[in-house]
Every structure is written in structure tokens, then in C-alpha cells.
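A.B. asks: Sequence and predicted model, in that order:
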Amino acid sequence: MVPPTTDGGEYVRPDAETVLRVEGVEKTFGGVTALDGVDLEVRDGEIVGLVGPNGAGKTTLFNCIMGEHDVDAGSVHLGDTELTGMNTPDIVQAGLSRMFQLARVFPELTVRENVLINQDHSGETMLTTLFRETDEEVVRRAEELIEFVDLTHLIDEQAGNLSGGQKKLLNLACTLLSEPDVVLLDEPTAGVNPNLVDDITESITELNRDRGTTFLVIEHDMDVVHEISDHVYVFATATNLTDGEPNAALNDPRVLEAYFGE
Ligand SMILES: Nc1ncnc2c1ncn2[C@@H]1O[C@H](COP(=O)(O)OP(=O)(O)OP(=O)(O)O)[C@@H](O)[C@H]1O
């Protein structure tokens with residue numbers, strides 16, 4: 001990873017390799033144009049924020065990147081690999097991982113089992129993955145991730161007993177087991193008790209700083225966007241409005257107009 005640099009205190013986009021590239025993506029649902037020619041790039045080692053009013057198309061873009069929707073036009077690349085047209089498991093295998101807005105856990109399984117079920121299960125179902133003998137190295141990594149998100153004291157607890165914020169932290173650990181090149185986070189702090197918001201933002205920034213994990217993050221909380229993002233894309237009604245360093249992008253008059261009618 002090439003670390004982001006600063007120039008007089010201002011973030012300068014690293015001259016690093018572009019790991020995720022979205023070009024001209026279009027998606028319509030019946031008569032609704034959800035994405036109308038979206039371009040976006042995430043460079044190695046960055047945390048990139050994605051903001052925009054409700055209905056702007058942010059989640060649809062994540063679905064298109066992860067292969068959950070076919071795109072009508074345009075392309076998505078991860079490094080040199082074209083993801084367009086690939087199915088979701090193959091996209092995960094290629095190096096992308098996603099955390100959903102609503103935490104998704106298996107409530108009857110323990111915290112440890114929830115992480116382990118995310119190991120590579122090509123050719124088998126998730127459950128048979130869990131019950132086959134797991135590589136010691138994978139178990140060690142799962143336990144290390146659980147420790148990283150501060151859930152070791154709950155490692156044998158059923159995930160259904162965790163709070164909403166703890167489930168999000170668990171989901172974050174789950175997305176990391178496959179050692180992805182880029183992690184997509186859909187509103188990581190939404191619905192989380194304010195006490196745990198800092199734990200989540202700290203986990204994201206530590207993962208980025210200490211392990212070089214690259215993130216693309218949809219977030220509505222502007223304080224969080226300012227705090228964690230190196231670069232921000234702003235969407236309005238199905239397309240890019242602007243992008244740049246957080247202060248500049250979020251104070252762009254077109255953004256203030258789209259958000260606040262100023
Ligand atoms: N499966 C679908 N079928 C029909 N319309 C859809 C579908 N998914 C999204 N849309 C429409 O596409 C547009 C973009 O929605 P999307 O959920 O991507 O926006 P968003 O920016 O993620 O909004 P929010 O911030 O509220 O999550 C909206 O008009 C939405 O109603």
C-alpha cells in the first residue's frame with residue numbers, strides 16, 4: 001500500500017494504484033433510473049466516503065459492484081479483473097467484501113462460528129463449511145479479528161444475544177476473514193448506540209492505518225464522514241455530483257443545494 005500523503009495539512013490523493021474502478025455504470029428498475037453513468041475510483045490504502053440524499057443510488061451501486069444486480073451499461077474492475085457480469089461468490093473470491101446496513105448474523109451460532117462461516121466455501125454450502133475441520137490458521141485469524149473488534153469476551157456467546165452495535169462489529173470481523181482488497185461498508189454506524197459508534201470508527205481507521213485495508217463507505221453521519229474519509233464522492237439523483245477531499249466536497253455549493261436547498 002502507498003500511504004496517503006499530506007501537503008500543508010491537506011490530504012493529497014495518493015498516487016497509488018486504483019484498486020476499484022467503476023466506469024459509466026447505468027441501472028434502471030422499470031421506469032426508475034437508479035444509476036445514470038456513475039464513475040468512481042478507490043485507490044489502494046484509501047478510505048473513500050460515498051454520500052448523497054436518500055434514493056440517490058448509493059446502495060444500488062454497492063449491489064452492482066457486488067454482482068447482486070446486473071448493470072445495464074458500464075463496467076466495474078477490481079485491479080485488472082473485470083467484475084461486471086460475475087456472480088457474488090466469485091466477486092468475493094476476487095477480493096471484495098461487503099458489510100450490510102442491517103447487521104446480518106446467524107443468531108443461533110456463536111460469535112466465533114459467525115466469523116468462521118465466512119471462510120472460503122466454494123463448492124459447499126455455508127453450513128457444511130462450518131462443520132468441516134477448519135484450518136488452524138483460519139481459526140487463529142478469526143479469533144484475532146474477534147479480538148480486534150473487542151468481542152473476545154463474547155466469543156462463545158450466541159450472536160442473537162449481542163446488541164445492535166456489537167452485531168455490526170461482528171459483521172465487520174466477518175467481512176475481513178477473506179482478507180479482501182477492498183471492503184464496502186453500508187452505513188456502518190446507522191442504528192448503533194452512540195457509545196459504540198467510536199468503537200466502529202476506530203476499528204475502521206485502525207484497520208486502514210495499521211493493516212492497509214481499503215474501504216468504500218456509505219455513511220449519512222457527516223461527522224463520521226469527515227472523521228474517517230480521505231476522499232468523498234457525493235451523489236445526487238443517480239449520478240456523481242462532485243468528489244474531493246471531505247471539506248471541499250461537502251461544502252461545494254451544489255452539494256449544499258442538493259442537501260439543504262441553500
Ligand atoms: N430493487 C429495486 N426495484 C425498484 N426500484 C429500486 C430497487 N432498488 C432501488 N430502487 C430505486 O432506485 C433508486 C435508488 O435507490 P437506492 O436504495 O440505491 O438509494 P440510496 O442512495 O441507497 O438511498 P438510501 O440512502 O435511502 O439508502 C430509488 O429511487 C429506489 O426506489
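C.D. replies: Received, thanks.
A.B. asks: Now stretch 211-218: buried residues?
C.D. replies: Residues 213-218 are the ones in stretch 211-218 that count as buried (16 or more other Cβ atoms under 10 Å). Bear in mind the C-beta positions are built from the backbone N, C-alpha and C, glycine included.
A.B. asks: all strands for the stretch 151-262 of the chain, in order.
C.D. replies: 182-186, 214-218, 231-236, 239-244 (DSSP state E, counting those that start in this stretch).
A.B. asks: low pLDDT regions in the chain?
C.D. replies: Within the chain, the set of residues satisfying pLDDT under 70 comprises 1-14, 120-134, 260-262.
A.B. asks: what does this structure put close to the ligand?
C.D. replies: 29, 32, 34, 52, 54-60 (Cβ under 6 Å from any ligand atom).
A.B. asks: Select from these the one having the most neighbours.
C.D. replies: For the residues of the chain next to the ligand, the largest number of neighbours (other Cβ atoms under 10 Å) sits with Gly57, at 26 neighbours.
A.B. asks: Pretty sure Val234 is one of the things it touches, is it not?
C.D. replies: No. If you go by Cβ atoms under 8 Å, Gly57 and Val234 don't touch, sitting 11.7 Å apart.
A.B. asks: Out of the buried residues of stretch 211-218, which comes closest to the ligand?
C.D. replies: Ile218 (6.8 Å; Cβ to the nearest ligand atom).
A.B. asks: in the stretch 51-200 of the chain, which spans are helices?
C.D. replies: With DSSP state H, counting those that start in this stretch, the ranges of helices along the stretch 51-200 of the chain come out as 58-65, 88-94, 111-116, 126-131, 136-148, 164-176, 194-211.
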